[in-house]
Structures are given as structure tokens and as C-alpha cells.
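no FASTA, just this:
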């Protein structure tokens, strides 16, 4: 998407939510089981290595369905998304080596090297910004 990269999981979550809300606006369903199953699928995805279709798109679709029901469904969908996000943040990204990859013995393989470079660049930038903020205004700004 232009200069920005969006991960497959976030793209699938958004696509699932849009599809679910489109379907949910035409069909009346009970939102409580939808939000519960969505949260269960997210939790399953944090414990096991499953397809992103199952761990991101399916919960997104169920949350979209629940949110489209309005009122209680929207509240439950918000809670399910919040809890799922919090659990995912606690676990963090799955950086375990791929079992069939010949590069699994390397510290950084070709598959994640671009992400690692971006993360390191962001860490350097954040360090520079923190150092500038800690030093305070420079004499150059007083001219």
C-alpha cells in the first residue's frame, strides 16, 4: 500500500471484518456466540501455529457479523477484538524457525530479514529522537 506494508494477518482480519459486516447487515444472528467463537479462534491462533485464514480472517468475519447486529453485538465485538489484541501483544509475533526451512539455523533468514531491518531502523530512529529530547533545545535553534 504505497510506502507502507501491511502484514497478511492484518489484511485478512480487515477483509474478514468487512465481509462479516456485509453479511451481518443482511442476516439477523445472535451476537454472543459469534463474539465468543471469534475470541476462541484468536486464542487458538496464539497457542498453535495455524493458518492466518483460521486465526485472522475467520475471527474478523465473526466479529464483523456480531458488530453488524448492533447494540450488544457491537459491544461484544469490541471486547473480543480488545482481548484478542491484548493476548496477541503479550505473546508477540511468532519468530520460531520454520520446521522445513534450510535457513532455520541462521539468526535471521531471508524470509524475515526485511522486517528485522525495518525494526532495527525504527529502534535507531527512536533512540535518536529520545536522545534529542533528553538533550533539550540546541543552540542552533536560538539563532
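Sure thing, it's come through. These numbers were taken from a predicted model, which means no experiment stands behind them. Numbers count the residues shown, from 1 in each chain.

make it CA atoms for all contacts and neighbour counts henceforth
Noted.

Any regions of the protein where pLDDT drops low?
Residue ranges of the chain with pLDDT under 70: 1-2, 45-47, 49, 92-99, 137-143.

Got the domain ranges for it?
As assigned by automatic domain parsing, the chain contains the domains 1-94, 96-143.

okay if I get those domains as TSV plus mean neighbour count?
Output for the domains of the chain, formatted as TSV (neighbours: other Cα atoms under 10 Å):
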stretch	mean neighbour count
domain 1-94	18
domain 96-143	11
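
Residue 41 against residue 61, yeah?
No: the criterion here is Cα atoms under 8 Å, and residue 41 misses it with residue 61 at 11.3 Å.

neighbouring contacts of the longest helix belonging to the chain?
The helix that spans the most residues within the chain, counting by DSSP state H, is helix 113-135. Here helix 113-135 makes contact (Cα atoms under 8 Å, 6 or more residues apart in numbering) with residue 108.

swap the cut-off to 7 Å and go again
Taking contacts as Cα atoms under 7 Å, 6 or more residues apart in numbering, no residue outside helix 113-135 touches it.

What of stretch 6-18?
52, 53, 56, 57, 58, 60, 61, 63, 64.

The closest residue in space to the third one that isn't next to it in sequence in helix, strand or coil?
Closest residue to residue 56 apart from its sequence neighbours, by Cα to Cα, 6 or more residues apart in numbering: residue 13 at 4.8 Å. For residue 13, the assignment made with DSSP: H, G, I helix; E, B strand; the rest coil gives helix.

go on, residue 28?
Per three-state DSSP, the secondary structure class of residue 28 is coil.

how about the residue nearest to it when sequence neighbours are not counted, phi and psi?
The spatially closest residue to residue 28, leaving aside those adjacent along the chain, is residue 69, at 6.7 Å (Cα to Cα, 6+ apart). Residue 69 adopts backbone torsions of phi -80, psi -10, taken as degrees, to the nearest 10.
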